[in-house]
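S.K.: quick one: sequence and predicted model below, then my questions.
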Amino acid sequence: MDIKYNTDGLEKLKKAFAGRSYVKVGVLSEGAARNNDYLLSRYNKFKNDESIPESIREGLLRTYQENPSNADVGASLEFGVVSKKVPARPWLMASVTSSIINIIKQDKKIIELMAKRGKQDDSLQIIGAIVEDKIQEAFETEGDGKWPGLSPITIKLKGSSAIGIDTAQLRKSVSSQVVSQ
């Protein structure tokens, strides 16, 4: 079954903002740094636990040593990691798409009016805030209940079945920024 969207409203917004400012949403440079010490503590806790495969225990230490950023963690969650058998759990693009659809349906008149009155950056800040809220909602609802659950080993390592919120660092790193041209 194909799903189709009428994007006429989006095209009007694009024309209203053409050649001017835009908004970035996601893990921006100021939110990229991450404290990965929890990985080392998990490794130390489970390094002798033979109920957890050695490859997974060693993977904790290897990931700690690689020191991934929030952007790296976000990409792994968004797209999955085939080599580690981690399924995709889209939190960014699904949220952006959903937000755009909501803006087209509900908020476009306000945003268009603000853009016409020279309040383009204010409009973009509102759009950024709407998308940020939708991203947080994705984490809270585990992708509206669509994300695959965690494996029993991952739940044991984390001590929780909550997806994408081990330390909440990724969630806290999400922001938006208006870029003026």
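M.R.: Structure received.
S.K.: in the chain, spot the helix with the most residues.
M.R.: For the chain, the helix that runs over the most residues, judged by DSSP state H, is helix 120-141.
S.K.: now the element after it, going C-ward?
M.R.: Proceeding N to C from helix 120-141, the next assigned helix or strand is helix 152-158, under DSSP states H and E.
S.K.: now the very next helix or strand once past that next one - C-alpha only, CSV.
M.R.: Scanning forward in sequence from helix 152-158, with DSSP H and E defining helices and strands, the next element found is helix 169-173. These are the backbone C-alpha positions of helix 169-173, laid out as CSV (Å, rounded to 0.1, in the frame of the first residue of the first chain):
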residue,chain,number,x,y,z
GLN,A,169,22.5,12.2,26.6
LEU,A,170,21.2,11.8,23.0
ARG,A,171,17.8,13.2,23.9
LYS,A,172,19.3,16.2,25.7
SER,A,173,21.6,16.9,22.7
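S.K.: hmm, who's touching the helix or strand just after helix 169-173?
M.R.: Downstream of helix 169-173, the next assigned helix or strand under DSSP H and E is strand 174-179. Defining contact as C-beta atoms under 8 Å, 6 or more residues apart in numbering, one finds that strand 174-179 is touched by 21-28, 30-31, 121, 124-125, 127-129, 131-132, 135-136. Yep, even glycine has a C-beta here, placed from its N, CA and C like the rest.
S.K.: can you select the buried ones from those residues in PyMOL?
M.R.: Per 16 or more other C-beta atoms under 10 Å, the buried members of these correspond to this PyMOL selection:
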select buried, resi 23+25+26+27+31+121+124+125+127+128+131+132+135
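S.K.: list the contacts of the helix or strand Asp72 falls within.
M.R.: Secondary structure assigned from DSSP H and E places Asp72 in helix 70-79. Contact partners of helix 70-79, identified using C-beta under 8 Å, 6+ apart, comprise 26-27, 31-34, 68, 86, 88-93, 164, 169-170, 173.
S.K.: filter these down to the buried ones.
M.R.: By the neighbour-count criterion of 16+ other C-beta under 10 Å, the contacts of helix 70-79 include these buried positions: 26-27, 31, 34, 68, 86, 89-92, 164, 169-170, 173.
S.K.: now, which of those lie within helices?
M.R.: Using DSSP H, the buried ones among the contacts of helix 70-79 in helices are 169-170, 173.
S.K.: buried sites along stretch 48-57?
M.R.: 52, 56-57.
S.K.: would JSON lines of the residues you listed with secondary structure be doable?
M.R.: Formatted as JSON lines, the entries for the buried residues of stretch 48-57 read as follows, by DSSP: H, G, I helix; E, B strand; the rest coil:
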{"residue": "Ile52", "secondary structure": "coil"}
{"residue": "Ile56", "secondary structure": "helix"}
{"residue": "Arg57", "secondary structure": "helix"}
